[in-house]
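> Sequence and predicted structure, then a few things I'm wondering about:
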Amino acid sequence: MRVCVCSGLCACEKLRVFASCSQDGTVRIWDEENRLVRTLELHAEPECVEFGGERGELLVGIRGDLYRIPCSYALPRHSRLQ
């Protein structure tokens, strides 16, 4: 069994989802029932993750830089704010 260290965790109350990032180079989106909604595979190791903006964009820190992932890419249609 492979174990990866979680390097970040955040929640978006408006969207009722959580996001985690880990040393395996992924960001995972979870619903409030702890079901995996989406896995984003990155080509780098994310250090932190946070929801931001009015529509719940995902902000990911990698090697001292901040990247914005639009909610249209990170979240399934039913989880997005209108």
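Yep, it's here.

> going forward, measure contacts and count neighbours with C-alpha atoms only.
Fine.

> Now do the SS call for Glu33.
Following DSSP: H, G, I helix; E, B strand; the rest coil, the label given to Glu33 is coil.

> Got phi/psi on it?
Note on Glu33: its backbone torsions stand at phi -100, psi 10 [degrees, to the nearest 10].

> Can you check the pLDDT for it?
According to the prediction, Glu33 has pLDDT 93.

> How is the most centrally placed residue in the chain assigned, secondary-structure-wise?
The residue at the geometric middle of the chain, judged as the C-alpha nearest the mean C-alpha position with C-alpha atoms, centre = their mean, is Ala19 (3.8 Å). Using three-state DSSP, the secondary structure recorded for Ala19 is strand.

> So Cys6 versus Leu15, what's the distance?
Relative to Leu15, Cys6 is positioned 22 Å away (C-alpha to C-alpha, to the nearest Å).

> Which parts of the chain are strands?
In chain order, the chain shows strands spanning 6-12, 17-22, 26-31, 36-41, 48-52, 57-62, 65-69, with DSSP state E as the criterion.

> name the helices or strands packed onto the helix or strand bottoming out on mean pLDDT in the chain?
Within the chain, judged by mean pLDDT, DSSP states H and E, the helix or strand with the poorest mean is helix 71-74; its value is a mean of 78. Counting contacts by 3 or more C-alpha pairs under 8 Å, 6 or more residues apart in numbering; DSSP states H and E, helix 71-74 is packed against strand 57-62.

> what pairs with the strand it packs on, and is each one parallel or antiparallel?
In the sheet containing strand 57-62, the strands it pairs with under DSSP bridges are strand 48-52 (antiparallel), strand 65-69 (antiparallel).

> where in this structure is pLDDT low?
Scanning the chain with the threshold set as pLDDT under 70 gives 1-3, 76-82.

> how about a cut-off of 50?
Scanning the chain with the threshold set as pLDDT under 50 gives 81-82.

> Could you pull out the buried residues of stretch 23-38?
For stretch 23-38, the neighbour count (16 or more other C-alpha atoms under 10 Å) marks Gln23, Asp24, Gly25, Thr26, Val27, Arg28, Ile29, Trp30, Asp31, Val37, Arg38 as buried.
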